[in-house]
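Visitor: I would like to see how this sequence folds:
(2 chains)
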Amino acid sequence: DQQVKQNSPSLSVQEGRISILNCDYTNSMFDYFLWYKKYPAEGPTFLISISSIKDKNEDGRFTVFLNKSAKHLSLHIVPSQPGDSAVYFCAAEGVGGSGSRLTFGEGTQLTVNP
Amino acid sequence: ETGVTQTPRHLVMGMTNKKSLKCEQHLGHNAMYWYKQSAKKPLELMFVYNFKEQTENNSVPSRFSPECPNSSHLFLHLHTLQPEDSALYLCASSQGATETGELFFGEGSRLTVL
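Guide: Purely as a prediction, here's the structure:
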């Protein structure tokens, strides 16, 4: 039973346009969500997070939106740059002391074309 | 030095071999993790250590044996693996396993079992 799903395995956008990566979850006990970025031959690196008490968090070109009623979050990258080409993982963390035991999605390969 | 270092980066082994993966973190964190990443699958949590004590074994077969001698070092001992165990094994650390927060990943050890 996969609790975090990224239904799009890949996404291709033009440089300068918006990239929107989506993530759905099923467990209503998740209360903290993170996005990680992974380049080939490197480990995932933290990108941005959002707590369930918020519906939006912005950091430069990256904005994460959370819709709790729909159990959906999305990552917006504006404007997209070729260096953003990577695999993006959505992750969720639950309440009750589960701490950093994150549940990950399958990842979405973003390709930004010059 | 990078925050989380994994060795070896690549490992090829036969099904009867015994090998070990090593992880070292220089971030002063108290929790360390092993994750498995197979192609087109989410990152799967394998083991969690908090203050050197194993706090989670996510139904991992006994052919994988973790060892955490101190909060900075984590090993994964491998014995009589199967070809389906071929994957990228990622080590991560965090401030504490019961605290909300991000994980810091190593670059991973790419394992191929022949």
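
Visitor: and the gap between whatever residue of chain A ends up closest to chain B and A:Lys54?
Guide: Chain A approaches chain B most closely through A:Gly43 (3.4 Å), counting by Cβ to the nearest Cβ. C-beta here means a position set from N, CA and C on the backbone, and glycine is covered the same way. Using Cβ to Cβ, to the nearest Å, we find A:Gly43 at a distance of 27 Å from A:Lys54.

Visitor: higher neighbour count, the two?
Guide: Legend: neighbour count by other Cβ atoms under 10 Å in any protein chain shown for A:Gly43 and A:Lys54, higher for A:Gly43 (23 against 13).

Visitor: For the more buried one, list the residues it contacts.
Guide: B:Val4, B:Gln6, B:Leu90, B:Ala92, B:Phe105, B:Gly106, B:Glu107, B:Gly108 (Cβ atoms under 8 Å, 6 or more residues apart in numbering or on different chains).

Visitor: what's the answer for A:Ser8, then?
Guide: With contact set as Cβ under 8 Å, 6+ apart, A:Ser8 has these partners: A:Leu21, A:Asn22, A:Thr108.

Visitor: is it true that A:Thr45 touches A:Lys38?
Guide: Yes - contact criterion Cβ atoms under 8 Å: A:Thr45 and A:Lys38 qualify, at 7.2 Å.

Visitor: Contacts for the helix or strand bottoming out on mean pLDDT in chain A next, please.
Guide: Here the helix or strand of chain A ranked lowest by mean pLDDT, DSSP states H and E is strand A:103-104, holding a mean of 89. Applying Cβ under 8 Å, 6+ apart, the set of residues contacting strand A:103-104 from outside is A:3-4, A:27, A:30, A:36, A:89-94, B:42-43, B:45.

Visitor: What of stretch B:16-24?
Guide: B:4-8, B:11, B:13, B:32, B:34, B:72-81, B:89, B:91, B:106, B:109, B:111.

Visitor: Of all the residues in that stretch, which ones are buried?
Guide: The neighbour-count check on stretch B:16-24 (16 or more other Cβ atoms under 10 Å in any protein chain shown) flags B:Lys19, B:Leu21, B:Lys22, B:Cys23, B:Glu24 as buried.

Visitor: try stretch B:87-95
Guide: B:Ala87, B:Leu88, B:Tyr89, B:Leu90, B:Cys91, B:Ala92, B:Ser93, B:Ser94, B:Gln95.

Visitor: same thing with stretch B:27-40?
Guide: B:His29, B:Asn30, B:Ala31, B:Met32, B:Tyr33, B:Trp34, B:Tyr35, B:Lys36, B:Gln37.

Visitor: quick one: pLDDT of the first one?
Guide: For B:His29, the model assigns a pLDDT of 91.

Visitor: Not counting its neighbours along the chain, what's nearest it?
Guide: Among residues not flanking B:His29 along the chain, B:Ser93 sits closest, at 4.0 Å (Cβ to Cβ, 6 or more residues apart in numbering or on different chains).

Visitor: what's the neighbour count on A:Thr26?
Guide: 12.

Visitor: That one: what's it in contact with?
Guide: By Cβ under 8 Å, 6+ apart, the contact set of A:Thr26 is A:Asp1, A:Gln2, A:Gln3, A:Val4, A:Lys5, A:Lys71.

Visitor: if you set the cut-off to 6 Å instead, what comes out?
Guide: For A:Thr26, the contact set (Cβ atoms under 6 Å, 6 or more residues apart in numbering or on different chains) comprises A:Gln3.

Visitor: More neighbours: A:Thr45 and A:Lys38, which one.
Guide: Remark: of A:Thr45 and A:Lys38, A:Lys38 carries more neighbours, 22 against 14, as counted by other Cβ under 10 Å.
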